[in-house]
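Trainee: Dropping a prediction and its sequence here:
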Amino acid sequence: MGSNCSSRQAHKDKDNNSPCSEDSPCYQLAKPENNAGDVKNNHRDDGGGGAAHPDDGRTFAAAVPNKTNIAQSKLASKEEKQRPKEPPLSAALLKFPAHLANLLTGRALDSSKPLKKTHKIALYVCAADSQDCCVEKGALHNVVYPELRAVCRGKGYELHIVDLHWKTALEKQQDHEFPELCLGELARQSEIAYVIPIIFLNDSLGTPLLPKTIEKQDFEFALNSADNKELLQKWYKLDSHAQPPCYRLQPIGSHIPGVKDEAENEVALNEWRLEIERILAVMVEVFPAELRNTYLTTVVEQEVHNTVLMSQELAKRSIWVWRTTQRPDDPPETSTVLLEQRRRLEILQDNLKGQLAEKHIFKVPATDPDAEQQKRYAQDLAEKLDAHLRTTVSKIISEDEAKDPLKPSMGVSGELFQELAQQANYCQRAAQCNINREEVIQHIKNYILGSSVTPLVLHGPKGCGKSALVAKAFQAANVWQPEAYKIIKFTGLTPASGTMEQLLLSIITQCSILAGCEDWFCAHNVSSYGELLPKLMSSASSQNPLIIMIDGIDQVRNFGSQSCEWLPESLPQNLKLILSVDEGSEMFNIIKTKVSDPTKLIQVPQLGKTEAKSILMSAVVQYNHSINKQIQDFVRNSVMECTLPLYIKILSWQTSLWVDKEHTIIPKGNVKDQFHALLQELEAILGQVRIKKALSLISASKFGLCDSEMLDLLAQDSVYHSEKTYVPWAPACLFWAQLNKYLAPFLEWTRVTGGYCVRRWRDISFQQAVSDRYMDEECTKDAHLKLEAYFRGEWALTEGLTARIIQQPNKDMESYNIRKLVELPYQTFAVSGSIEERFLLDHLWLLDKVCGANVYQVLEDFALEESEPESEAAVLRGHLEASSQALSYDGHQLWAQLHLRLSNISTEGRERLQALKSLCAAPPDPSLLPLGPSEPTDEPQPINFITRLPEMVRFVCTLAAEKGEIVIWDVCTGQRVRTLTNVPQPAAIKLIDWRRCIVLCRRELTVFDLDKGELVKR
């Protein structure tokens, strides 16, 4: 496959991207890293458990410095140098490991340490010749993958398979879009998943490709040495705008019309193949071996290099399936191109032999075309692959669980640390957007350092850069007020910040830890949180200043409260609260009434045209690296009507898609219409029906969809099928990779409940634009119906498509099916308008979801249903809200909690609550229930020690020092079975076995026989 224009490694890493985007994957050789754990992230979207790309906050501005933000950059550098040493933490926070304490106090933003991988494992298929390994890949997809996927889900992990090598029309074009797509998808998976490369390489390197770009000095060297100079000059033109200058391969259609015409496509492609052979023959003849290795590489060589050869960790997981044959000697008339391919094939095979352990190389003899032998061959290979992959997967899961840096600590759940890490990670990236809003930043600084007790509100239209400003201000607060504790929340970034209730819960929990108030109890609703929050904020800010920033407060989801009654009108003296809100939202109108000081309502100003042009040019350079005068003129004129950073983001990305092609982009003057224009262009490339159906599924999901889920859904639809590929749904694999490539800045990874990672819209503006364009009533209903059927498991009953069918039980082996538990009620409500009977009052479903997901997800389901205040659903919801803290700790307390609360109310006339009350009184699972009233006893004495008797799980031993009493209890009956009284001043007890114990009495060690109640030895 071809390189871009440099034989020097540094330039190759910089300038060989699809339209030269620094976010795109390099499909040339990348520098190996000695300690690399996985493939280096070179894709457009860095994800990482929901984190945004450096240039992709809620709104966009180029991360490349420009004239308008030089002053700001200098100011930031100056402040960085002047940053004082962070003050010591409180005694309560010192108990936490340093990285967790930094998360809790908001001081983790200087750390560039990436988030851990998510609960995802990806099998990446590298194939030299897709037609030559159909049987082997068929065994992998249809036999190995379904069973292995079920095993992974049973352990709480997603297993996805990436295979783009199916001899599709894109691959047949023999241009650079396909290799870029392969390497881009590999990089995208490497961001968040544990990748297992599976290499199918026999006796061919596959289809040869021309280099996309050739460095000027190398091309001119070839031109001077070539006999057929005209051929090279015909297909390669100098790009003087590139740095360094290079010669760039021209589009196929510039000399061979009909490539995009379905009727003439085959003829045009045959002509193109002949041209490739002629050009390659010239290059093989004139290039020395070093330049041939640089410029004439194939897809599989790049895939192997970016996996096995680039990372020792990936090499330990890789599998090479090698079907060995006895190859005859090459005849004398063999072409130089074929001989060159043979040379590089031997080099690649030698590299694989040197990097992979013997057990990772599956040498399989070639089989006869006999059908029975083919079947036996596929079965044997499937068994070997299955056994090896099961071992690899098991090892990955064990290591992932062992090295999790965000485990529970000091009674604080790992979920909270994960949420804080995602928020901090997103803040880091959003703050890199360079927008010159020094006036607003200065307002925020004055507010933080001033004495105002009123919340500060930043408001502006969607896409004006509020998120970037909040992120910048949050990071700068480390300099302005280093002793302060800081809390930041980007609304909707994660499920734990998606609703008003979840948002307040996260803030309250963090405040309580900062304040050292670990014991607090509160019902999970806005009203209760509104009463508790001021108290905890006051306590948390009593010793250190406290700064709380909430971005996009109006973006809370509709399955929670929209109320702002919790917002205090006056704050404690040491507390600062900063909100950002869309000025066109209803919530902004409510917030305005609660802010008494109008000077604390700060409007985010629009960018000036000069600044907008500069930022847009920087963004175009960032995505393209090489821009011609036509594009420069276009971008300068495109911001005359709209200077919103989000608008600039869409325009700059559109130019990157067409940088190598003759195409006119028409500025629309607003975010919605410009995004529609981008979608219209994608419809022409990928198909309008395909785009509509896929984007509707993403928009109709509750939080987003996993890669494997999306592929399952697309594979069931005939519009993504082809009769020309080995498996009919192969085009779905290609389409999903292409969609992620073309919409990279607008989609993001988000880590959701259970550690799964989903793809979703990065900004609500994009989702609204998609809804307006595609999701009419019929399309919306169809998308929800498909998702409901999928998560119900109805498709698992159909025949065919074995590789893309998965059962959907509530629980699978040792893990709950969390994705079903979260998504199914949401989809059912969208379809039928009610989920009360099917989910809310189904006690078995409630138990599964409380245990598998969490009680807060259950309460979000209740919020969807508009119930009468005294209805059974409303009563049950109130009890779940009151018990939410206990159930979030352990969902198996459901029966005990409901038993306690339902026993205090009348359930007369409420049949389902009465049935639930009876069930809780005699729960189907082991539960701790409060005992009934017992006979009056003496005043209870404190128990100083309690332990189980060794080998006697039914009995426990207690020591009451003040009373001088040792008691053996039967835990099943709650009765005493042995009592030793008048034990002289017992201070401590140690059990020897189930019968004897040593007691420290008056500084003497005494041995007692607990069974007989006798003193054995003093």
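Mentor: Cool, got the structure. Numbering: from 1, shown residues only.

Trainee: Any regions of the stretch 801-950 of the chain where pLDDT drops low?
Mentor: Applying pLDDT under 70 to the stretch 801-950 of the chain flags the ranges 931-941.

Trainee: just the helices in it please.
Mentor: Secondary structure of the stretch 801-950 of the chain (DSSP state H, counting those that start in this stretch): helices located at 818-832, 843-852, 855-864, 872-882, 884-889, 894-902, 911-921.

Trainee: Quick one: distance of the last one to the chain centre.
Mentor: To tie it back to what came earlier, the one meant is helix 911-921. A distance of 40 Å separates the centroid of the chain from that of helix 911-921, by Cα atoms, centre = their mean, to the nearest Å.

Trainee: let's number from 25 now, not from 1
Mentor: Shifting the count to begin at 25 puts that one at helix 935-945.

Trainee: Which other helices and strands does the lengthiest helix in the chain contact?
Mentor: Counting by DSSP state H, the longest helix found in the chain is helix 395-426. Applying 3 or more Cβ pairs under 8 Å, 6 or more residues apart in numbering; DSSP states H and E, we find helix 395-426 packed against strand 144-151, helix 158-163, helix 169-178, strand 218-224, strand 343-348, strand 385-389. Quick note: C-beta positions are derived from backbone N, CA and C, even for glycine.

Trainee: After it, which helix or strand is next? Please name it.
Mentor: helix 438-454 (DSSP states H and E).

Trainee: Residue 196: neighbouring residues, count only.
Mentor: Counted with other Cβ atoms under 10 Å, the neighbours of residue 196 add up to 16.

Trainee: Might you list the low-confidence residue ranges for the stretch 375-524 of the chain?
Mentor: 391-393, 458-460.

Trainee: In contact with residue 752: list those residues for me.
Mentor: Counting by Cβ atoms under 8 Å, 6 or more residues apart in numbering, residue 752 touches 745-746, 825.

Trainee: switch to 7 Å and redo it
Mentor: For residue 752, the contact set (Cβ atoms under 7 Å, 6 or more residues apart in numbering) comprises 745-746.

Trainee: so it, which of the three states?
Mentor: coil (DSSP: H, G, I helix; E, B strand; the rest coil).

Trainee: Next, work out how far apart it and residue 170 are.
Mentor: 16 Å (Cβ to Cβ, to the nearest Å).

Trainee: Same check on residue 593?
Mentor: 58 Å.

Trainee: Who has more neighbours out of these two?
Mentor: residue 170 (16 against 12).

Trainee: For residue 189, see how far away the more buried one is.
Mentor: The gap separating residue 170 from residue 189 is 20 Å, by Cβ to Cβ.

Trainee: what does residue 1009 give?
Mentor: Residue 1009 sits 79 Å away from residue 189, going by Cβ to Cβ.

Trainee: More neighbours: these two, which one.
Mentor: Per other Cβ under 10 Å, whichever of residue 1009 and residue 189 has more neighbours is residue 189, with 26 against 13.

Trainee: Please name the residues that touch the more buried one.
Mentor: Residue 189 sits next to 149, 151, 154 when contact means Cβ under 7 Å, 6+ apart.

Trainee: make it 10 Å
Mentor: 149-155, 157, 161, 195, 202, 206, 224, 230, 323-324, 327, 754, 757-758 (Cβ atoms under 10 Å, 6 or more residues apart in numbering).

Trainee: From those, list just the buried residues.
Mentor: By neighbour count, with 16 or more other Cβ atoms under 10 Å, the contacts of residue 189 hold 149-154, 157, 161, 195, 202, 206, 224, 230, 323-324, 327, 754, 757-758 as buried.

Trainee: And stretch 528-535, how far out from the chain middle?
Mentor: 23 Å.

Trainee: Just the mean pLDDT for that stretch, thanks.
Mentor: Averaging pLDDT along stretch 528-535 gives 96.

Trainee: Same check on stretch 672-687?
Mentor: Stretch 672-687 comes out at a mean pLDDT of 75.

Trainee: In a strand, residue 1036, correct?
Mentor: No. Under three-state DSSP, residue 1036 sits outside any strand and is assigned coil.

Trainee: how near is it to residue 995?
Mentor: Separation of residue 1036 from residue 995 (Cβ to Cβ) stands at 21 Å.

Trainee: Same question for residue 192.
Mentor: Taking Cβ to Cβ as the measure, residue 192 falls 65 Å from residue 995.

Trainee: ditto for residue 128
Mentor: Using Cβ to Cβ, residue 128 is found at 38 Å from residue 995.

Trainee: Same question for residue 223.
Mentor: As judged by Cβ to Cβ, residue 223 and residue 995 stand 58 Å apart.

Trainee: Tell me which of the two has more neighbours.
Mentor: Just comparing residue 223 and residue 995: by other Cβ under 10 Å the higher neighbour count belongs to residue 223, 26 against 11.

Trainee: okay, the more buried one: pLDDT?
Mentor: Listed pLDDT for residue 223 reads 95.

Trainee: cool, the one 5 residues further on as well?
Mentor: At residue 228, the pLDDT value in this model is 87.

Trainee: before we move on, what SS does it have?
Mentor: Per three-state DSSP, residue 228 ends up coil.
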